[in-house]
Every structure is written in C-alpha cells, then in structure tokens.
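Undergrad: no FASTA, just this:
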RNA sequence: GCCCCUGUAGCUCAGACCGGUUAGACCGCCUCCUUGGUAAGGAGGAAGCCGCGGGUUCAAAUCCCGCCAGGGGCUCCA
C-alpha cells in the first residue's frame, strides 16, 4: 500500500523478525533414544523414558524460533507440510518428531515450542503417518543410522513471512470492511497552535508541552514500556471506590457506596450540563436484535465484540453505545426543521466484549457507563456551529475534572481543505497546541472527530470526551426531518460524549492524583465528586452528640460528611481520614464546643484553620456550586459502616 | 485472542526452586484496658477449599496437566 511489495517486506521484517523455524531431517535405518534427566523444570511427562526401533524412519530435528510464536498454528501447519512432502519423496511412512533446540540461536519459549510440536504431530497423524514425538524438556541420548542416499540428510528453514494467507476467523455477522478501510487509509499528523501555525508532529518543539509530546508519541509510535500495573487500580480499591467482581465476567466492576456516591455525582453533573444545553433526556433498552435491518448493517461496520444475550430461541446483543436506542427512537420521531438542532441525551451502561488481554482496570473495562448526546443538525454549516457549542461544555467538564488533558482532532482531508478556518478557529478556542490527524479516506462513519485525552503514569493515553460529525447513520437508520419546503430531508448527526465514560473519568482523576503525589502534592479527588467532603472527629464519646448536631448544619447545605464515632485515638481517626483523602477533617472537642469554632485540617493547603461549621459549609458550597447536590449513599456514622475494601 | 509473570486470612505479603510437624507476619476485625487534641496507645482472640478441577506420590500450598482471574507485552480501543 505504502511501499512496493518487496520493499515493504524488508521494512516490516528485519532479519531476526523473519520466522524461520529450523529443521534437520535424517532418513535413518532405525532409531533409539533414552531420556536421562529433566532439562526443564516443567519437562513433559513421559510414559516411557526410552524407545528403540530397527525400522526405517524419517527423523525430524526441530527447533521452534521466537518468531514462530506469532502464529503457532500457521508455523505448525507449514512444518507438517514440509515433513509430509519430504516423507513422500523418500516413500517413508514412519516419522519421528524430535525437539532439538540447539538448531536455533533465538529459540521460542518452551511452552510455545511444545505446542508447535504437538500440532505438527497431530497434523501428520491426520495425514496418515505413523508418528512418534520424542518427549520435550529432557536430556536424552539417541542413536541414529543415516541411510546416506542423496535425500537422506537435509536441513530446512521455514519462512513464515512467505506463507500464503489462510482463512481468517470471521464471526457470524461480522465483516472486515472497517478494519480493511482503516488499514488502507493514509494519515498525516500535525500540531496546530492557537495562532494558526501548523507543524508536522516530529518537527514541533514540545518544550512546555510535555504531556502533548507523550500523547503524540503514544498515538503515532504506539510505544509501550510499562511494567507496573497502572496506579489507579490500587487506589480505587484502597479508597473503596470500585473493585473487581469475581462473580461476574472479567472487566465488570462493583461500586461500594463510596464509589457509587462519586459515580452518581459525576452522572448528575453531566446530566445537568446536558439539560442546560437543551437536551431531551431519554432511556432506551440495553439489548438489541441482531436481525433488525438497521442494526445489522451498523454491526457490519465493526468487528463483533458484543455480549450476546439469549432470550428464548433468539440472540440479542448488549449495546456497546447508546446510539442504537436513540437512532431508533429518532427514526420514528416527527422532526421539524424548527426543532433543529435537536439534542438527545442518555446516560446508561454499555458493554464491549474487549479481548481479555486488552482489559486494564478502569481504563478499559467491559461494562461501563457512557454519557452520550446526539445532536441532529440540518447541514454542515449547522454541524460546525454545533461543534463550536459543544466544545464549550466539553472543555468546561474536562476542566471541572481537574486533570491535564490533550486535545486532538481527526479530520478527513477533503473536509479540512474546505473548512480550514473552522478547524483553526477551534484550535484557537482550545487555546493550546493540539494534534490533528488528517486522513485521506473515511474509514469510519465520521469525517470530523475531536478527542479529549489523558496521559497516565505509564505514558499511555486514553480518550475521554469526544465530538464526532457522523455522515452515515442518519441514512442507515432513516432519520429525517421536515424542511421549510415541507419535504423530508436527511440530517447530519453529531455523536458526542461530553465527558467520556464515568469509569474512565475515575481512571483519569486517580491517575492525575497519582501524578500529583509523585510531585509531592497531596493526592485529591475533585471536591464536588469526592464521596466524603467532610469528616467530623469527636475527640471522645461525650462529643458524638455534638458532632451529630454539627452534621445537621452540613445536611442543610447538602454537604457529604461522616462522623468518626469509633472508639479510637484521635491520631488514628486522623490517619483514617487522611488515608481516604478526605478534604476537610474537623476535630470536634471540648474547645470547639465551647468556642463554636472547628479546627479544620484542609487537605489542599496542608494547614489547619479555625472556622465555624457555617463558614466551612459556605466555603464548600461556593467551591462546588456548579455541581448538583449528591447525597452520601451510606450512613454517616462510621461505626455503622462495614469495611468493603478500604484499609482503615 | 496469543505470549510472559502472578494467584496463600478482609488487605499487603513470607513459605514453593529442594514435597514431610499444627501454613506464618503486618494492618484490619472481635474482646478487654485506656476517653484521647492533629497520620498507627496497650493486652488478648478469632479468622485460611493455599484461585478452581484433575494427576503423580506413602504424603502436594509446594511437582505435572487443564481451566479461571489479575497484571505486563502483542493485537485492539466502533
């Protein structure tokens, strides 16, 4: 595609990358071996440690190369073919498969090598040969008597890079259009700055834009170096926010009350913003019919990664986004041009059956909660206006999440050329350098896509908010509006997630907190979403009642608090609150009761302050006034709370 | 999905390579003492299908095979 075939082979496969399983073949009169002792800890189990025959046989010494492990089945198949061909040439029915690692300088891992040899054996047996596979992982003695004819000793190298393509596994209902299209698309990557300057990504000076550099590196080089688990995983458990659920499928999580409080706070925040934006809020089903014509065609755009739900004799798929329900609803709605732009919003679970190896904590689960807005517009002009409007709330929400983010846009070349001013206007609005990918051919349903990404501690990037101009699905789902002239018209659709999934937001804020921690800043969750905003610590049992009275004041302000009424030392209560990153920790003792002023440990400023409960409540209210009041979803007395996964 | 590593008390982790008393430790939990002033007060106690299922062995947390889960790499991320 990009290169001539011969050139591309050279570029793609450096010498050590070529798969060259090595094999030495000896046509022998008789063969014998004896397994002496294990060479590997997990050597293959053997029924008989020795074997001897006087019969003629074709002995194949085989060393699997590292490169064979890329496609063991393919390597095995070709190896078996080579052996079968050689056997037929010398008219031999008896075949010995002998593992001999010393033929290779870069051998495969034992497990892969054994797997390969077993597959070779299986194939040859299937082809009707009498096969003996010599046990793997032992030091062995052997005897061989080479026949000495011209074809009796040969060495071979398997070159898997020359393999013909075999049938790709295709699941029913799947076609590879999207993948193929993406492979064929050409893309160029640039950095756009707010002043309108365009620079190729590798020529841009990233000084002062370290995270942008990391993001670009991730997107273009796909460089992965992480060894450690992502830090947010330990944090989410210790803060008792989310945890794995062993009783469910991989990638499905449970939310104890603290985490659920945070989750709901975010959901409510995003929903309010969408209602303010003028959205119609809906709820649509979680499962959909594979056979529905529009859905069938939509599914064919993507590899099948769905959860399948059986109902009676029929299979349904769990939705992987909110698009279906909204499109189906819109397709039956009577929409006038007077109602455009029409905004539909939904926040609900979605399911993507990601490959097991792709799952990673909250960065990539299989079940997640996605806020999704679709904005129906008449034409490209209106779409561009909508993008400009949407950018405002996406930027606002991203800033409220208090995390560093990098913005990128992916634009069809043709669209870019016609709308250069629009794109540059957006970058100006973003106010910092952004990465822009310009692609030649449309490989998905969008011709324009904005992404708000975070870069984590492992230097991996993940997309949160996104805005896309969809030019395909209005037609696919037969969504139309009635124009001024009374005629049905086909609209464009903006697909937007204002914030990204709630799970990924949590991933983002925890990774951000971890980055802060490494810089010596106390890690925190944004005040408006943190489950517990205030902890009241009565110094002794006599003061619990007073703390409860103080709590009632906080209730009036809609502030989430706990009272540590456990029988432990003050030092321990403070430690417990600090471990949970509680932003305001108030000691409630006789002094406070007498003066009416609390001693407040303020996490953000690492200092104590004296203030009344009303002053504290005012301060928190003021800092969180943009967010709906979310209740704490567990009893405020800590003595009444079980421990789900927190430490103290 | 493939490859590598890991899975022991609620948590974090010893023990495993080299099979053999009653599987340990910190934190947490429970009981008692202590009623405390800004990141761990003291004493005692309970708590384990050693991930699951097979196998080898007189004997398995330990060795072998399979499966599941978590992490990393590849691929992928609509």
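TA: Received the coordinates, thanks. What you see is a predicted model; the values in this text were computed from it and never measured.
Undergrad: quick one: the closest residue to residue A:284 other than its chain neighbours and RNA strand B, what's the gap?
TA: Excluding its sequence neighbours, the residue lying closest to residue A:284 (C-beta to C-beta, 6 or more residues apart in numbering) is residue A:325, at 2.3 Å. Every residue, glycine included, has its C-beta placed from N, CA and C. Using C-beta to the nearest atom of the strand, to the nearest Å, residue A:325 is found at 15 Å from RNA strand B.
Undergrad: mind checking pLDDT for residue A:325?
TA: We have a pLDDT of 93 for residue A:325.
Undergrad: before we move on, what about residue A:445?
TA: 89.
Undergrad: can you count the residues close to the residue nearest to residue A:284?
TA: 20 (other C-beta atoms under 10 Å).
Undergrad: go ahead and confirm it touches residue A:319.
TA: Yes - with contacts counted by C-beta atoms under 8 Å, residue A:325 reaches residue A:319, the gap being 7.0 Å.
Undergrad: now do the SS call for residue A:521.
TA: coil (DSSP: H, G, I helix; E, B strand; the rest coil).
Undergrad: pull up the gap between it and RNA strand B, please.
TA: Relative to RNA strand B, and taking C-beta to the nearest atom of the strand, residue A:521 is found at 12 Å.
Undergrad: same thing with residue A:247?
TA: 10 Å.
Undergrad: so what touches stretch A:464-475?
TA: The contact list for stretch A:464-475 (C-beta atoms under 8 Å, 6 or more residues apart in numbering) reads A:298, A:323, A:327, A:376, A:383, A:387, A:390-391, A:394, A:397-398, A:401, A:405, A:442, A:445-454, A:479-480, A:490-500, A:504-505, A:508.
Undergrad: out of the residues you listed, which touch RNA strand B?
TA: Counting by C-beta under 7 Å from any atom of the strand, residue A:445 from the contacts of stretch A:464-475 sit close to RNA strand B.
Undergrad: take the contacts of stretch A:464-475 and keep only those in strands.
TA: A:376, A:446-454, A:492-497 (DSSP state E).
Undergrad: quick one: which two of these are the most distant?
TA: Greatest spatial distance among the ones in strands among the contacts of stretch A:464-475 (C-beta to C-beta): A:376 and A:454, at 29.5 Å.
Undergrad: related to what we said a few turns ago, what is in contact with residue A:325 and residue A:319 at once?
TA: With C-beta under 8 Å, 6+ apart as the test, residue A:325 and residue A:319 both reach A:285, A:288.
Undergrad: count the residues that sit near the residue of the stretch 451-600 of chain A found nearest RNA strand B.
TA: At 2.3 Å from RNA strand B, residue A:589 is the closest residue in the stretch 451-600 of chain A, using C-beta to the nearest atom of the strand. Applying other C-beta under 10 Å, we find 17 residues neighbouring residue A:589.
Undergrad: wait, it sits on residue A:543?
TA: Yes - if you go by C-beta under 8 Å, residue A:589 and residue A:543 touch, sitting 6.4 Å apart.
Undergrad: lowest confidence element among the helices and strands of chain A?
TA: The least trusted helix or strand in chain A, going by mean pLDDT, DSSP states H and E, turns out to be helix A:5-12, with a mean of 27.
Undergrad: note down every partner strand of the helix or strand following that one and its orientation.
TA: Note on helix A:5-12: by DSSP states H and E, the next helix or strand toward the C-terminus is strand A:22-38. Its sheet considered, strand A:22-38 pairs with strand A:50-63 (antiparallel), strand A:138-146 (antiparallel), strand A:153-157 (antiparallel) by DSSP bridges.
Undergrad: for RNA strand B, which of these is the nearest?
TA: Nearest to RNA strand B, of all the strands paired with strand A:22-38, is strand A:138-146, at 12.4 Å by C-beta to the nearest atom of the strand.
Undergrad: what mean pLDDT would you report for the closest one?
TA: For strand A:138-146, mean pLDDT is 78.
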